[in-house]
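**Student:** here's my sequence, what's the structure:
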Amino acid sequence: MDTEGIRTTAGSRVLADNVPGEDAQVVRKLKSLGAAMVGKTNTHEFAFGPTNVNPWYGPARNPPHDTERISGGSSGGSAVAVASGMSVFAIGTDTGGSVRIPAALCGVVGYKPTIGYINTGG
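**Tutor:** Numbering: from 1, shown residues only. From the prediction side, this is the model:
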C-alpha cells in the first residue's frame with residue numbers, strides 16, 4: 001500500500017527507493033477514521049506468490065506455530081503482525097488468496113471484501 005513519505009517497495013528490489021507522494025485510498029480512509037499506522041509489513045515480491053519468501057527482504061516467519069515455517073501468501077507480513085500481537089488488524093491485498101492463506105496458516109481471521117467494494121488504487 002502506498003504510504004506518503006514512507007518507503008514502499010512492494011517487496012521488490014526494483015522499488016527499493018520508492019517513496020510515494022500520497023497515501024493509497026484505503027490508507028487515507030483508515031486515517032480519516034482515526035486509525036494509526038504502526039508499521040509496514042513484508043510481502044512476497046510484487047504480492048505475487050503463495051509463500052511470502054522474499055529473495056530481497058527475507059521471509060515473514062509464522063509466529064504462532066513455528067518460526068521455521070512460512071506465513072503464506074503475499075500478505076503474510078500482515079498475518080504475522082496480527083498473530084504475533086504487534087497489531088490488532090492489518091491490511092493486505094488478495095487476488096488469489098493472499099490474505100486468506102496467511103490468515104489460515106497463522107491462525108487469524110482474513111477477510112476478502114467483494115471486488116470493487118474497496119478502492120485498490122495505490
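**Student:** now stretch 67-77: average pLDDT?
**Tutor:** For stretch 67-77, the mean per-residue pLDDT is 91.
**Student:** correction: the previous question concerned stretch 95-115.
**Tutor:** Stretch 95-115 carries an average pLDDT of 91.
**Student:** may I have that stretch as CSV, with CA atoms only?
**Tutor:** Extracted in CSV, the C-alpha atoms of stretch 95-115 (Å, rounded to 0.1, in the frame of the first residue of the first chain):
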residue,chain,number,x,y,z
THR,A,95,-6.4,-11.5,-5.7
GLY,A,96,-5.9,-15.3,-5.3
GLY,A,97,-5.9,-15.9,-1.6
SER,A,98,-3.1,-13.6,-0.5
VAL,A,99,-4.9,-12.5,2.7
ARG,A,100,-6.9,-15.7,3.4
ILE,A,101,-4.0,-18.2,3.0
PRO,A,102,-1.6,-16.4,5.5
ALA,A,103,-4.5,-15.9,7.9
ALA,A,104,-5.3,-19.6,7.9
LEU,A,105,-1.6,-20.5,8.3
CYS,A,106,-1.1,-18.1,11.1
GLY,A,107,-4.4,-18.8,12.9
VAL,A,108,-6.1,-15.4,12.5
VAL,A,109,-9.1,-14.2,10.5
GLY,A,110,-8.6,-13.0,6.9
TYR,A,111,-11.4,-11.3,5.0
LYS,A,112,-11.6,-10.5,1.3
PRO,A,113,-14.4,-8.0,0.6
THR,A,114,-16.4,-8.1,-2.6
ILE,A,115,-14.4,-6.9,-5.6
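**Student:** just the residues contacting that stretch, thanks.
**Tutor:** The contact list for stretch 95-115 (C-beta atoms under 8 Å, 6 or more residues apart in numbering) reads 44, 47, 50, 52, 60, 62-65, 69-76, 78-80, 82-83, 92-94. Yep, even glycine has a C-beta here, placed from its N, CA and C like the rest.
**Student:** where exactly do the helices run in this structure?
**Tutor:** Ranges of helices in the chain, per DSSP state H, are 25-32, 76-83, 100-106.
**Student:** strand partners (parallel or antiparallel) of the strand of greatest length in the chain?
**Tutor:** If you go by DSSP state E, the chain has its longest strand at strand 66-70. Here strand 66-70 is paired, per DSSP bridges, with strand 61-62 (antiparallel).
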